[in-house]
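Engineer: fold the following for me, if possible:
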Amino acid sequence: QVLLAESGGGLVQAGDSLTLSCATSGRSGSYLAMAWFRQTPGKERELVATISWSGDGSFYADDVKGRFTISNDHAKNTLSLQMNGLKPEDTGVYYCAAVSTPYSHIYYYLVEEFEYWGQGTQVTVSS
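Structural biologist: Numbering: from 1, shown residues only. Modelled structure (predicted):
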């Protein structure tokens, strides 16, 4: 069983930066590929960024590319999302997600592929 706990959300102004963290605990018995998703009221959960266990593979949604950076630190069992140049449309609840995989270099991007989810952290960007 893998447990995920997000932190770092808050209320910021447009143009500000924010770093989200996701602490991972428990054991999966294999590699964990991880991702950040975002959800706003009335909309489906959407991918923000995803990364392979090895860290050498990642993918970003078009609207965050160049502004957000996803990274994992296995020594600290932490997944991070550095968000720069925040915009009001970045507002939402951000969820950390993980999936057990035998492949260290593969990342995943579909909601249904992920087995484990955090409780979410709210990010609000005011204009």
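
Engineer: drop to CA atoms for contacts and neighbour counts, all remaining ones
Structural biologist: OK.

Engineer: quick check, central residue of the protein?
Structural biologist: The centroid of the chain falls nearest to W36 when counting by Cα atoms, centre = their mean (1.9 Å).

Engineer: test my guess that that residue contacts V99.
Structural biologist: No. The criterion here is Cα atoms under 8 Å, and W36 misses it with V99 at 12.0 Å.

Engineer: hmm, who's touching stretch 116-127?
Structural biologist: With contact meaning Cα atoms under 8 Å, 6 or more residues apart in numbering, stretch 116-127 is reached by 2-14, 22, 86-99.

Engineer: and the residue nearest to the centre of the chain, how far from Q82?
Structural biologist: 11 Å (Cα to Cα, to the nearest Å).

Engineer: I70: neighbour count?
Structural biologist: 23 (other Cα atoms under 10 Å).

Engineer: who's in contact with it?
Structural biologist: If you count contacts by Cα under 8 Å, 6+ apart, I70 has them with A49, T50, I51, S58, L79, S80, L81, Q82.

Engineer: one more pass at 10 Å, please.
Structural biologist: Residues near I70 by Cα atoms under 10 Å, 6 or more residues apart in numbering: 19-21, 34-36, 48-51, 55, 58-60, 79-83.

Engineer: show me how to select, in ChimeraX, the buried members of those residues.
Structural biologist: To isolate the buried subset of the contacts of I70 in ChimeraX, counting by 16 or more other Cα atoms under 10 Å, use the following:
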select :19,20,21,34,35,36,48,49,50,51,55,58,59,60,79,80,81,83
